[in-house]
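> Below is the sequence, then the predicted model.
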Amino acid sequence: MKRITSSAGKQCFESRMLNKLAFRCPFSQESSRASLCNAQRHVRYSSTQPSRPRTAMFFPGQGVQKVGMLTPWLEAFPATAGPIVEEIDHLLGYKLSTIIEEGPNSLLTATENAQPAIMATSILILRILEQEFGFKLLERVDVTLGHSLGEFAALVAAGCLTFEDSLYLVRKRAEVMADCSRRAMAEHGGEYGMIALVTEPDHLLPLIDAIHEFLGHHSAGSKSESAEDVPPIQQVLIANINSKNQIVLSGNIERIKTLLTHVRQFGGHDPRAVRLNSDSPFHSPLMQPAAIAMKKMLEGKSKVKDRANQDMVSFPGTMECLSNVSARPFQNKEELKELLARQCVETVKWWDSIRYLDQEEHVRRWIGIGPGKVGRNLVGKEVGMRGKDTVKGGGVWGISHPKEVEEVLRSLDETESAAEFP
């Protein structure tokens, strides 16, 4: 059976970087060194059309799973989707495709199934674009990123992980995370999960400060401590900073409610709270065993037969990929492994990632690949749906269903040679 792997191919574009640096004023030696470092980072990757708008591809995280989400793709592209689905089941050793197609929803929503299902569906859509529509990833996209779980699909697209290794990592990670939740309930009691808080944009940063103050820390969270070492109330963490008006809290539900009561009474904030469809407190100290397991797995060798003696992680890949933890591109192999493991317990800096790409890297086109519309809406909220408004040469699109493919590819073609973009 044909294995799913990322395309390869690299061309340097030093001239593009020289032009980019020409517009930066070296106010100090530090800024000069930073510019040079940034230039050296960029020349590792290829760009066959440097004149087109900078383009990012992003992938969704857990919560977007839906029973039947593979059916439209199997019906529209059976010759391509069928073998990929067979390979997914073969690599996992069980019929994940049946769970996706038939449910029930409670079974698909379970962490052990939801995470590989979302990641695999995202890559299946990308492979259909490549094989059925001739979409050339390296020619159309400059950088990838993924929301939490979506980071694994982003690393596949960026050429840093094979699909087979990524699927293995996601499944094992999900199993450990699910076990963390079961153990937390058995040892500490109570209910665990995630709650989104929606507030006014100008209230977000003060709200984050108030939460950190109540939890007893002023950093992103208790990153290196095990759940047993953390006082009970600190087993709550800001799991995601998703946009200018939305964050997500993770941990014991009753403790989150206590925190919200405190913030409302003493912090002067009254955010709208929405319980998320998650059975685990992701990105919290309770997930420390998952971080340890991930670190160990990432130090291992590839599960792909013809790569058995090679490291699981490849670096550099074929394009840049952003880390959820740093909100910046991975700089080297060791950093990638460290941050991907730490992602299990640390805050997902999605808002920072989008702002960095928009304001510093001047990304003007955004392509969401995978189930659901959450990622597309979060990106559009920050940068504006540029394909629909007054900013020429860009757009925010999502492909979660075959009927969306033609419109997105047509929009990309229309903006590919745009002469005017900031």
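That came in fine, so what should we check first? Numbers count the residues shown, from 1 in each chain.

> hey, let's count contacts and neighbours off CA atoms from now on
Noted.

> how about residue 272, phi and psi?
phi -80, psi 130 (degrees, to the nearest 10).

> got the contact list for it?
197-199 (Cα atoms under 8 Å, 6 or more residues apart in numbering).

> quick check, nearest of those residues to residue 405?
Among the contacts of residue 272, residue 198 lies closest to residue 405 (Cα to Cα), at 31.5 Å.

> Run a quick neighbour tally on that closest one.
19 (other Cα atoms under 10 Å).

> any idea how far residue 262 is from residue 209?
Distance, residue 262 to residue 209, by Cα to Cα, to the nearest Å: 13 Å.

> Can you list the low-confidence ranges for the chain?
Applying pLDDT under 70 to the chain picks out residues 1-50, 217-234, 385-393, 418-422.

> Spatially nearest residue to the most centrally placed residue in it (excluding sequence neighbours)?
Against the mean C-alpha coordinate of the chain, by Cα atoms, centre = their mean, the closest residue is residue 146 at 1.8 Å. In this structure, residue 146 finds its nearest non-sequential neighbour in residue 59, 4.5 Å apart by Cα to Cα, 6 or more residues apart in numbering.

> Break down this structure into its strands, ranges please.
Assigned strands in the chain, in chain order: 54-59, 143-146, 192-198, 237-243, 246-252, 272-275, 320-321, 363-369, 395-399 (criterion: DSSP state E).

> Would you mind writing the CA trace of the last one as CSV?
As requested, C-alpha coordinates have been extracted for strand 395-399 and formatted as CSV (Å, rounded to 0.1, in the frame of the first residue of the first chain):
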residue,chain,number,x,y,z
GLY,A,395,-8.0,35.8,2.4
VAL,A,396,-9.0,33.3,5.1
TRP,A,397,-10.4,30.1,3.9
GLY,A,398,-11.3,26.6,5.2
ILE,A,399,-11.6,23.2,3.6
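
> which other helices and strands contact it?
strand 363-369, helix 374-383, helix 405-416 (3 or more Cα pairs under 8 Å, 6 or more residues apart in numbering; DSSP states H and E).

> could you give the angle of the second one to strand 237-243?
Calculated by axes from the mean of the first three to the mean of the last three Cα atoms, to 10 degrees, helix 374-383 forms an angle of 60 degrees with strand 237-243.

> Can you list the buried residues in helix 374-383?
Neighbour counts over helix 374-383 (16 or more other Cα atoms under 10 Å) mark 374-380, 382-383 as buried.

> which of those residues lies closest to residue 300?
residue 375 (31.1 Å).

> out of everything not next to it in sequence, what's closest to that closest one?
residue 60 is the one closest to residue 375 (Cα to Cα, 6+ apart), at 5.7 Å.

> what do you get for residue 315?
residue 333 (5.4 Å).

> What is the neighbour count of residue 90?
For residue 90, using other Cα under 10 Å, the count is 12.

> Distance check, it against residue 293.
In terms of Cα to Cα, residue 90 sits 23 Å off from residue 293.

> Surely the residue nearest to residue 146 is in contact with residue 150?
Yes - between residue 59 and residue 150 there is a contact under Cα atoms under 8 Å: 4.8 Å.

> Out of those two, name the residue with the larger neighbour count.
residue 59 (30 against 23).

> what's near enough to touch the more buried one?
122, 145-147, 150-151, 153-154, 368-370, 375.

> can we see that at 7 Å?
Applying Cα atoms under 7 Å, 6 or more residues apart in numbering, we find residue 59 in contact with 122, 145-147, 150, 153-154, 368-370.

> what's the neighbour count on the closest residue to residue 249 other than its chain neighbours?
Distances taken as Cα to Cα, 6+ apart place residue 238 nearest to residue 249, at 4.6 Å, with adjacent residues excluded. Using other Cα under 10 Å, residue 238 has 25 neighbouring residues.

> how close does residue 238 get to residue 320?
26 Å.

> Residue 125 too?
From residue 125 to residue 320 the distance is 20 Å (Cα to Cα).

> neighbour count winner among those two?
residue 320 (29 against 22).

> what about the residue nearest to that one when sequence neighbours are not counted, how many residues close to it?
Nearest non-adjacent residue to residue 320, counting by Cα to Cα, 6+ apart: residue 143, 4.8 Å away. Residues lying near residue 143 (other Cα under 10 Å) number 25.

> Surely residue 143 and residue 319 touch.
Yes - assessed by Cα atoms under 7 Å, residue 143 is found in contact with residue 319 at 5.9 Å.

> What separation do you get for the nearest residue to residue 140 once chain neighbours are set aside and residue 278?
Once flanking residues are discounted, residue 140 sits nearest to residue 55: 7.0 Å by Cα to Cα, 6+ apart. Distance, residue 55 to residue 278, using Cα to Cα: 31 Å.

> more neighbours, those two?
More crowded of residue 55 and residue 278, by other Cα under 10 Å: residue 55, with 24 against 18.

> ok, what's across the strand from the more buried one?
residue 365 (DSSP bridges).

> For it, list the residues it contacts.
Contacts of residue 55 (Cα under 7 Å, 6+ apart): 141-143, 363-366.

> Closest one to residue 347 out of these, please.
residue 143 (21.1 Å).

> burial of residue 360, as a residue count?
9.

> Report the contact partners of it.
By Cα under 7 Å, 6+ apart, residue 360 has no neighbours at all.
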